[in-house]
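In: After the sequence you'll find the predicted model.
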Amino acid sequence: MENTFRCPPNSGSQFYNYKGTYSIILFALVDADYCFKYIEVGADGRANDSTIFRNSDLNKAMINGSLNFPQDSLIIGDDAFPLRNNLLKPYTGSLTIKQRIFNYRLSRARRVVENAFGILSARFRIFHKVINLKLDTVDLVVKASCALHNWLRTTSSRVYVPRDSIDREDIDTGEIINGLWRSEVEPLQFARLLREKYTDFFNGEGAVPWQDRMIGL
């Protein structure tokens with residue numbers, strides 16, 4: 001994920017990207033619960049995924065066996081990543097049916113990663129504008145946002161990530177139903193949608209026997 005910020009003094013074109021802005025990259029490893037398990041912040045906006053991964057501490061840990069992952073756990077990536085015994089990537093070229101099935105299942109898992117970044121960006125609106133802070137401070141903002149994301153995801157999941165906010169697949173039609181984060185709703189609009197969701201819940205499945213009496217009904 002790219003994070004746009006004001007041009008650092010005397011940096012020249014170091015952080016200048018193809019969009020004509022200055023940005024740094026958030027490179028991250030995400031688990032199946034949409035939490036960030038590893039992050040690396042600070043690569044300039046022109047860097048590609050393969051270069052960032054090759055130079056990362058994550059890659060070094062994978063090579064020397066110090067990653068300390070649970071047995072049989074795997075990392076999935078896209079074409080930019082190398083195929084390894086602990087890193088899966090899609091097949092390319094002319095594919096067999098089995099390979100197409102593999103790619104489909106892998107793409108479903110990778111969608112979790114995309115949604116984690118999307119939720120982070122949608123909830124922390126600072127990522128939707130130029131961050132007018134020093135580069136070191138931008139790094140801290142990004143890291144703090146990831147930490148808060150993880151905390152909210154694990155302690156207040158239903159409020160922080162309601163079901164409709166995440167992409168889901170209709171297994172009958174194959175249609176991907178976009179999560180609310182993709183519409184980039186404004187905070188107030190999202191709050192209204194969330195309030196309506198809980199209004200329905202409190203008047204339906206989540207109703208308590210005494211609530212009508214307490215409001216004089």
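Out: It's in. Predicted model, so just to flag it, every value in this text is computed and none were measured. Numbers count the residues shown, from 1 in each chain.

In: Can you tell me the element Tyr38 falls in?
Out: strand 36-44 (DSSP states H and E).

In: Against which helices or strands is that strand packed?
Out: strand 23-30, helix 49-54, helix 57-64, helix 135-155 (3 or more C-beta pairs under 8 Å, 6 or more residues apart in numbering; DSSP states H and E). Where C-beta positions appear, they are placed from N, C-alpha and C, glycine not excepted.

In: Could you list the low-pLDDT ranges of this structure?
Out: 1-22, 45, 184-191 (pLDDT under 70).

In: State which helix of it is the longest.
Out: In the chain, with assignment by DSSP state H, the single longest helix is helix 97-123.

In: how about it: buried residues?
Out: If you call a residue buried by 16 or more other C-beta atoms under 10 Å, then helix 97-123 has these buried ones: 106, 110-123.

In: ditto for stretch 203-217
Out: Across stretch 203-217, burial judged by 16+ other C-beta under 10 Å covers no residue at all.

In: Just the residues contacting it, thanks.
Out: With C-beta atoms under 8 Å, 6 or more residues apart in numbering as the test, stretch 203-217 has contacts from 198, 202.

In: Work out the gap between that stretch and the centre of the chain.
Out: Centroid separation for stretch 203-217 versus its chain: 38 Å, with C-alpha atoms, centre = their mean, to the nearest Å.

In: Stretch 62-69 too?
Out: With C-alpha atoms, centre = their mean, you get 23 Å for stretch 62-69.

In: What lies in contact with that stretch?
Out: For stretch 62-69, the external contacting residues (C-beta under 8 Å, 6+ apart) are 58, 61, 75, 84, 86-87.

In: Could you do stretch 172-188 as well?
Out: Outside of stretch 172-188, the residues within contact range by C-beta under 8 Å, 6+ apart are 111, 115, 118-119, 121-122, 125, 128, 162, 164-170, 190, 193.

In: List the buried residues in the strand holding Tyr38.
Out: 36, 38-44.

In: now it against helix 97-123, angle please.
Out: 80 degrees (axes from the mean of the first three to the mean of the last three C-alpha atoms, to 10 degrees).

In: Can you list the strands that strand 36-44 pairs with?
Out: Strand 36-44 has the following strand partners under DSSP bridges: strand 23-30 (antiparallel).

In: what domains does the record give for this structure?
Out: Domain ranges of the chain: 2-184, 190-217, per automatic domain parsing.

In: ranking those by burial, who's on top?
Out: Here the criterion is mean neighbour count by mean count of other C-beta atoms under 10 Å, and of those the winner is domain 2-184, at a mean of 15.

In: Distance from it to the middle of the chain?
Out: The chain centroid and the centroid of domain 2-184 are separated by 5 Å under C-alpha atoms, centre = their mean.

In: before we move on, back to that, can I get the helices and strands packed on strand 36-44 in CSV with distance to Gln99?
Out: Output for the helices and strands packed on strand 36-44, formatted as CSV (distance: least, C-beta to C-beta, whole Å):
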stretch, distance to Gln99
strand 23-30, 24
helix 49-54, 22
helix 57-64, 24
helix 135-155, 33
